[in-house]
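Trainee: 3D, please:
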Amino acid sequence: MAAGQGKRMHSRLPKVLHPLAGRPLVAHVLDAARSLSPVALCLVVGHGGDAVRKALAADDLAFVTQDPPRGTGDAVRVALTALGDDAVTVVANGDCPLIPAATFAAIGARAAAGHLALLTAKVSDPAGLGRILRDPAGNVRAIVEERDANRAERAVGEIYTGVLAAPTALLRRWVAALKDDNAQREFYLTDIVAMAVADGVTVEGHVAADERDILGVNDRAQLAAIERIVQARQADLLLASGTWIADPARIDVRGPLTCGRDVRIDVGCVFEGTVTLGDDVSVGAHCVLKNVGVGAGTQIAPFSHLEDAAIGANCRIGPYARLRPGAALADDVHIGNFVEVKQSSVGVGSKANHLAYIGDATIGRNVNVGAGTITCNYDGANKFRTVIEDDAFIGSDTQLVAPVTVGRGATLGAGTTLTRDAPPDTLTVSRVKQLSIPGWQRPRKQPKPQG
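Mentor: From the prediction side, this is the model:
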C-alpha cells in the first residue's frame, strides 16, 4: 500500500518516493516481495500516483488507484481487483522498508495453510499502537486500539504492524463486508480479525525477529533514523566479509557495493549506484564514488569525486581529483590533486599530477601531463577531441586547442598553446617573445582627499 500523502514529510514528493540508501522507500518493500517470486505484485497509489508510477514502472508491477483514500481496508479492496483468488495475498505498507523477505514468506506460509496471519512485534514502547490480544492457545482473538483498551490491555507490549497475509478468497470476502461506521468514516483492515474469528479461521500472530524491522516512516526524523539502521546493517555485512571500515557509523552505501579482499575505506565516504572495488583498494576520507569500477591495488586519496568511471589496477587518484562520466584509466595511471578528467581514456603509466583538465581526449602510454595543462575541447557550440600519443611530454601551462594530435614521443614546451598537430619525437614550442622594459613604473594609488 502506497497511497498515503505523507503530510508530515512537508514535501511535494510522495512519501514512498523519498530516498532510503539511494532508492525510493517503497522500492525496498518491492525488492523483498520480488525475492519471493510472487504470482502478482500490486501497488496501491493515491496522492502523487503519476509520479509513483513513473518512478517504479516495471513489467511485473500492477498499479491501482485508491481515490478518495478511505482507509486500509478500502486500499486492500482496490488492490484485490487486480488479483485472482488462486493464491494467498500478503498486505504490506510502502513506508515500512526494513521487513525482511523471510518474514513475508513466513506469514505467507501460514496463510497458505488457511489461516489469517498477522505480523506483530514486541516493542519497548507500544504507546499509540494497536495491541494484540491472544487467547489461551496463543492465537490472536482481537486487535484493540489504545483509545479503546483498558488498563490491562494497554500493558500488553505486542502490537500489530499493519502487515498480514490471508487466503485471497477469504480476504476478498472479509474486505467486502467491512463497514465505515467509525468517526473517520474509513474502512479499517483490522476489522477482518473479528470476522476471521467468527468464521472459525485461526488468526496467528508472527512476532518480528527484530523490533526495528517494523519501523515505518511518517516524518523526516524517522526517515533519517531508518537510514542509519540500513547503513549500519550494510556496514556490518562489509565488515563481516573482510572490508576494513575506519568508522562504521560514517559510511553511506546507496547502491550495490562489492569489495575484494583487504579493501580499506576511511571515514565519510559515499558510494552511490553500482561500485566495485578490487583487492587491496584504498579509499581515503570523504570520497564520493558513483557507478565506478576500481582495479586492484588502486589508492584513492581523500576528497576525490569519481562518477561513471573505469579505473585500472595500481592507480593513484587524488587528493581532490575529479573523474567525470566517461573517464577510463588504464593500469598504473596517476591523476593528482585538482585534476579533472571527462570523456577521456588515459593509457598505462600516464600521469597528470597537478591542476589539469583533460576532456574529450585520448592519451596513450607513459604520457606526462604537466601542471596547469588544459584541453580546450569546446568552441561554444561543439566539442572536439585531443589525441596524445605514447611517450609524449606535455609541459606545464599548456593549452591543447582541439582537434589536435600530439605525436608519439613529442615534447611540448611549457606555456605552449597548440593549435596544430605536434610531430612525433620533436620539441614544439609556442611563446610570445619576452620583453623587459627599463624604467617602467608600476601605477600607484592616488591618496584620498582629506576632509
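Trainee: Just give me the neighbour total for L129.
Mentor: L129 is flanked by 18 other residues according to other C-beta atoms under 10 Å. All C-beta atoms are positioned from the backbone trio N, CA, C, and that covers glycine.
Trainee: quick one: it is in a helix?
Mentor: No. Under DSSP: H, G, I helix; E, B strand; the rest coil, L129 falls outside any helix and is assigned coil.
Trainee: ok, it - contacts?
Mentor: Shown in contact with L129 (C-beta atoms under 8 Å, 6 or more residues apart in numbering): 123, 146, 159-160.
Trainee: so what's Q5 scoring on pLDDT?
Mentor: Q5 is assigned 69 on the pLDDT scale.
Trainee: for M9, same thing?
Mentor: M9 is assigned a predicted lDDT (pLDDT) of 87.
Trainee: if you skip the residues just before and after it, what's nearest to it?
Mentor: Using C-beta to C-beta, 6 or more residues apart in numbering and skipping residues adjacent in sequence, the residue nearest M9 is K15, 5.3 Å away.
Trainee: Ok, T89 next?
Mentor: Nearest in space to T89, with sequence neighbours left out and distances taken as C-beta to C-beta, 6+ apart, is T168 at 4.6 Å.
Trainee: what does R8 give?
Mentor: Leaving aside its chain neighbours, R8 sits nearest to D219 (4.2 Å; criterion: C-beta to C-beta, 6+ apart).
Trainee: Count the neighbours of the one you found for me.
Mentor: 14.
Trainee: re the thing from before, I'd like the contacts of L129 written out as TSV, with distance to I300 added.
Mentor: Below are the contacts of L129 laid out as TSV (distance: C-beta to C-beta, whole Å):
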residue	distance to I300
V123	42
E146	52
I159	46
Y160	48
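Trainee: Nearest to H47, out of these: which one, please.
Mentor: Y160 (24.0 Å; C-beta to C-beta).
Trainee: Can you list the helices and strands that the host helix or strand of that closest one packs against?
Mentor: Assigned by DSSP states H and E, Y160 belongs to strand 158-167. In terms of contacts (3 or more C-beta pairs under 8 Å, 6 or more residues apart in numbering; DSSP states H and E), strand 158-167 is packed against strand 88-91, helix 101-112, strand 116-122, strand 131-134.
Trainee: follow-up on the earlier one: what's near enough to touch the residue nearest to T89?
Mentor: Counting by C-beta under 8 Å, 6+ apart, T168 makes contact with 80, 83-89.
Trainee: looking at those residues, which has the most residues close by?
Mentor: Result: T89 is most packed of those (other C-beta under 10 Å), 26 neighbours.
Trainee: Can you name the residues that contact the residue nearest to T417 when sequence neighbours are not counted?
Mentor: Among residues not flanking T417 along the chain, Q399 sits closest, at 4.6 Å (C-beta to C-beta, 6+ apart). Contact analysis of Q399 by C-beta under 8 Å, 6+ apart lists 373-374, 376, 416-418.
Trainee: for Q399, which residues make a bridge with it?
Mentor: I374, T417 (DSSP bridges).
Trainee: That one and L178, how far apart?
Mentor: 74 Å (C-beta to C-beta, to the nearest Å).
Trainee: If you count neighbours, what's buried in stretch 438-451?
Mentor: By 16 or more other C-beta atoms under 10 Å, stretch 438-451 has no buried positions at all.
Trainee: Using PDB, write out every CA atom in it.
Mentor: Extracted in PDB, the C-alpha atoms of stretch 438-451 (Å, rounded to 0.1, in the frame of the first residue of the first chain):
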ATOM      1  CA  PRO A 438      63.600  49.500 -18.400                       C
ATOM      2  CA  GLY A 439      62.300  52.400 -16.400                       C
ATOM      3  CA  TRP A 440      58.800  51.200 -16.300                       C
ATOM      4  CA  GLN A 441      56.900  52.300 -13.100                       C
ATOM      5  CA  ARG A 442      54.100  50.300 -11.600                       C
ATOM      6  CA  PRO A 443      51.000  52.500 -11.200                       C
ATOM      7  CA  ARG A 444      50.400  53.700  -7.600                       C
ATOM      8  CA  LYS A 445      47.100  54.500  -5.900                       C
ATOM      9  CA  GLN A 446      46.300  58.200  -5.500                       C
ATOM     10  CA  PRO A 447      45.900  59.400  -2.000                       C
ATOM     11  CA  LYS A 448      42.300  60.100  -1.000                       C
ATOM     12  CA  PRO A 449      41.500  63.700  -0.400                       C
ATOM     13  CA  GLN A 450      41.200  64.700   3.300                       C
ATOM     14  CA  GLY A 451      38.200  66.300   4.900                       C
END
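Trainee: In three-state terms, label D180 for me.
Mentor: Three-state call for D180 (three-state DSSP): coil.
Trainee: The longest helix along the chain packs against which elements?
Mentor: Counting by DSSP state H, the longest helix found in the chain is helix 220-240. Counting contacts by 3+ C-beta pairs under 8 Å, 6+ apart, helix 220-240 is packed against strand 19-20, strand 244-245, strand 251-254, strand 257-259.
Trainee: try it again with 6 Å
Mentor: Contact analysis of helix 220-240 by 3 or more C-beta pairs under 6 Å, 6 or more residues apart in numbering; DSSP states H and E lists strand 251-254 as its packing neighbours.
Trainee: partners of the strand it packs on in the sheet?
Mentor: According to DSSP bridges, strand 251-254 forms sheet pairs with strand 269-277 (parallel).
Trainee: Go ahead and name everything in contact with the partner strand.
Mentor: For strand 269-277, the surrounding residues in contact (C-beta atoms under 6 Å, 6 or more residues apart in numbering) are 22, 251-259, 263, 283, 287-294.
Trainee: Which among these count as buried?
Mentor: Buried among the contacts of strand 269-277 by 16+ other C-beta under 10 Å: 22, 251-254, 257, 259, 263, 283, 287-294.
Trainee: contacting residues around H286?
Mentor: For H286, the contact set (C-beta under 6 Å, 6+ apart) comprises 268, 302-303.
Trainee: Dump those residues to a markdown table, plus pLDDT and neighbour count.
Mentor: As requested, those are exported to a markdown table (pLDDT from 0 to 100; neighbours: other C-beta atoms under 10 Å):
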| residue | pLDDT | neighbour count |
| --- | --- | --- |
| G268 | 97 | 17 |
| P302 | 98 | 16 |
| F303 | 98 | 17 |
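Trainee: okay if I get those as CSV plus secondary structure and distance to A327?
Mentor: Below are the contacts of H286 laid out as CSV (DSSP: H, G, I helix; E, B strand; the rest coil; distance: C-beta to C-beta, whole Å):
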residue, secondary structure, distance to A327
G268, coil, 22
P302, coil, 19
F303, coil, 17
